[in-house]
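# what's the 3D shape of this:
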Amino acid sequence: MGEPSSVCPYVLVAEDDDAMRDVLVAALRCLCPNVVAVEDGHALFMRLLEAQHSGRSPELVISDIFMPRMTGLEVLAAVRCHGIVVDFVFLTGFGNDDAINEAKAAGALRVFEKPFDLDALSTLVQHPERQLRQETDAQVRRR
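Got it, this is the predicted structure:
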């Protein structure tokens with residue numbers, strides 16, 4: 001998965017599947033110890049509100065799209081309404097094109113379909129601006 005980055009973002013992971021959440025957290029903590037996990041969309045939203053008030057907001061949220069109590073997309077919309085600015089990366093196991101397009105339109109940094117390449121996610125966590133720039137350059141070249 002690569003070496004830990006010298007810049008280690010605070011990452012908040014939201015995943016309702018216990019096994020998937022454990023794998024994500026373990027893999028990401030190998031790169032960066034600043035990883036916190038929650039079990040559903042409502043817990044994610046509450047954690048983001050608390051973080052905003054404490055001044056310790058995450059730099060990145062990695063969230064499943066379809067979760068109980070609030071979907072990842074509902075959380076993204078709600079945090080934007082509260083003026084919280086944080087990058088979102090979404091995960092989905094359902095391959096729902098409408099949800100993927102909605103996530104991208106809402107400003108998601110990236111959407112990964114499960115199963116996904118853990119190395120690609122790790123690269124994004126370590127260097128989100130570089131990864132985004134590479135994707136934008138590739139889109140421009142395809143036009």
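# and the contacts of stretch 31-38?
Stretch 31-38 is contacted by residues 1-2, 4-5, 8-15, 21, 24-25, 28-29, 44, 47, 58, 122, 125-126 when judged by C-beta atoms under 8 Å, 6 or more residues apart in numbering. All C-beta spots, glycine's among them, are computed from the backbone N, C-alpha and C.
# next step: those residues restricted to helices.
Cross-referencing these against helices under DSSP state H gives 21, 24-25, 28-29, 44, 47, 122, 125-126.
# out of those, who has the most neighbours?
Each of the ones in helices among the contacts of stretch 31-38 was scored by neighbour count (other C-beta atoms under 10 Å); the top score is that of Leu44, with 29 neighbours.
# and for that one, nearest residue in space, chain neighbours not counted?
Sequence neighbours aside, Ala14 is the residue nearest to Leu44 in space, at 3.9 Å (criterion: C-beta to C-beta, 6 or more residues apart in numbering).
# dig out what the residue nearest in space to the middle of the chain forms beta bridges with.
A centroid search over the chain (C-alpha atoms, centre = their mean) returns Ile62, at 2.0 Å, as the residue closest to the centre. Beta-bridge pairing for Ile62 (DSSP bridges): Val13, Val89.
# hey, where'd the strands end up in this protein?
Taking DSSP state E, the strands of the chain run over residues 11-14, 35-38, 60-64, 87-92, 110-113.
# lowest mean pLDDT across those, which one is that?
Set side by side, these give their lowest mean pLDDT on strand 110-113, at a mean of 89.
# rewinding a little: so who does the residue nearest to the centre of the chain touch?
11-15, 24, 28, 89-91, 121, 125.
# nearest to Met70 among those residues?
When the contacts of Ile62 are compared for distance to Met70, the smallest value, 9.3 Å, is given by Ala14; criterion: C-beta to C-beta.
# give me the number of residues near the closest one?
Counted by other C-beta under 10 Å, the residues lying close to Ala14 total 30.
# ditto for His42
Around His42 sit 17 other residues, with neighbours defined as other C-beta under 10 Å.
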